[in-house]
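Student: any chance you can model this:
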Amino acid sequence: MLAPRYNIAPTQDVPVIIREDSTRLVLFKWGLIPGWAKDAAIGNKMINARAETVDEKPSFKQSFQQRRCLVPADGFYEWKKDGKNKYPFRISLHGGEPFAFAGLWDTWTSPSGQTICSFTIITTEANELVGTIHNRMPAILPREIEDIWLNTNLRNIRYLKGLLHPYPAEKMSIYPVDPVVNSPKNDYPECVNVNCSNIIKGGQ
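Tutor: Got it, this is the predicted structure:
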């Protein structure tokens, strides 16, 4: 059984849902390493893929057609800039129910034979709510679309890209959290608590 997580960061192993012969929950590294890469370090720059160009970029093109995944979550953090400062906010669905980000995955084998499975999260332009603090947001898939996204027999690029758009703002909530989430070392339940002082400092 997986332990609850409250502050997940790039380069960490994260639960994702993939479909090959069957649908499985697996742990993959956050930061996609393309199969053709010479160095695993490229994954540090591949934590997100823009929906607008995901079918064009060499790092993501093949995975978009053949290796799509779901990244389960019940919220995510985003930071609002205020001068030289940045204040974190947590975004979730109303009621706190779980959902899934649209993701891509790949497998990379090092010259020494080490195999790493990794993934990236697709982003879209922000909706009206998230747009108050940032211009991008993860692509959240409606529940009825999740099975379609995992269908590797489906390779209609235009249709697949049409699934990637901002989640409805009226179905989401946002609130400030403590800056402790700025460090991935802090991964405990208090990370998701409301931080009232942040409302005054960062605003919404």
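Student: ramachandran coordinates for residue 157?
Tutor: Phi and psi for residue 157, reported as degrees, to the nearest 10, are phi -60, psi -50.
Student: from residue 123, how far out is it?
Tutor: As judged by Cβ to Cβ, to the nearest Å, residue 157 and residue 123 stand 18 Å apart. All C-beta atoms are positioned from the backbone trio N, CA, C, and that covers glycine.
Student: these two - which one has more neighbours?
Tutor: For residue 157 versus residue 123, the count of surrounding residues by other Cβ atoms under 10 Å is larger for residue 123: 23 against 13.
Student: what helix or strand does that one sit in?
Tutor: For residue 123, the enclosing helix or strand under DSSP states H and E is strand 115-125.
Student: list the contacts of that strand.
Tutor: Under the contact criterion Cβ atoms under 8 Å, 6 or more residues apart in numbering, strand 115-125 has outside partners 14, 16, 26, 28-33, 40, 43, 46-51, 54, 60, 69, 71, 101-110, 131, 135-139, 164-166.
Student: those residues in strands, which ones?
Tutor: Secondary structure from DSSP state E places 14, 16, 26, 28-30, 48-50, 69, 71, 101-109, 136-138 of the contacts of strand 115-125 in strands.
Student: buried subset of those residues?
Tutor: Buried subset of the ones in strands among the contacts of strand 115-125 (neighbour count, 16 or more other Cβ atoms under 10 Å): 14, 16, 28-30, 48-50, 69, 71, 101-106, 108, 136-138.
Student: please, which helix or strand holds the spatially most distant residue from the centre of the chain?
Tutor: No residue in the chain has its C-alpha farther from the mean C-alpha position than residue 112, which lies at 29.6 Å (Cα atoms, centre = their mean). Taking DSSP H and E as the definition, residue 112 sits outside all helices and strands.
Student: so what's it scoring on pLDDT?
Tutor: The pLDDT attached to residue 112 in the predicted structure is 91.
Student: how near is it to residue 86?
Tutor: Distance check for residue 112 against residue 86: by Cβ to Cβ, it reads 39 Å.
Student: same check on residue 135?
Tutor: 14 Å.
Student: more neighbours: the two, which one.
Tutor: Here residue 135 and residue 86 are set side by side on neighbour count (other Cβ under 10 Å), and the busier one is residue 86, at 14 against 9.
Student: got phi/psi on the more buried one?
Tutor: Main-chain dihedrals, residue 86, degrees, to the nearest 10: phi -130, psi 130.
Student: apart from its neighbours in sequence, what residue is nearest it?
Tutor: residue 79 (4.3 Å; Cβ to Cβ, 6 or more residues apart in numbering).
Student: partners of the one you found in the sheet?
Tutor: Beta-bridge partners of residue 79, counted by DSSP bridges, are residue 88.
Student: tally up the residues packed near it, please.
Tutor: Residue 79 - counted by other Cβ under 10 Å - has 16 other residues nearby.
Student: next: residue 57.
Tutor: The number of residues packed around residue 57, counting by other Cβ under 10 Å, is 14.
Student: and the one 3 residues further on, by the same measure?
Tutor: By the criterion of other Cβ under 10 Å, residue 60 has 22 neighbours.
Student: cool, thanks, talk later.
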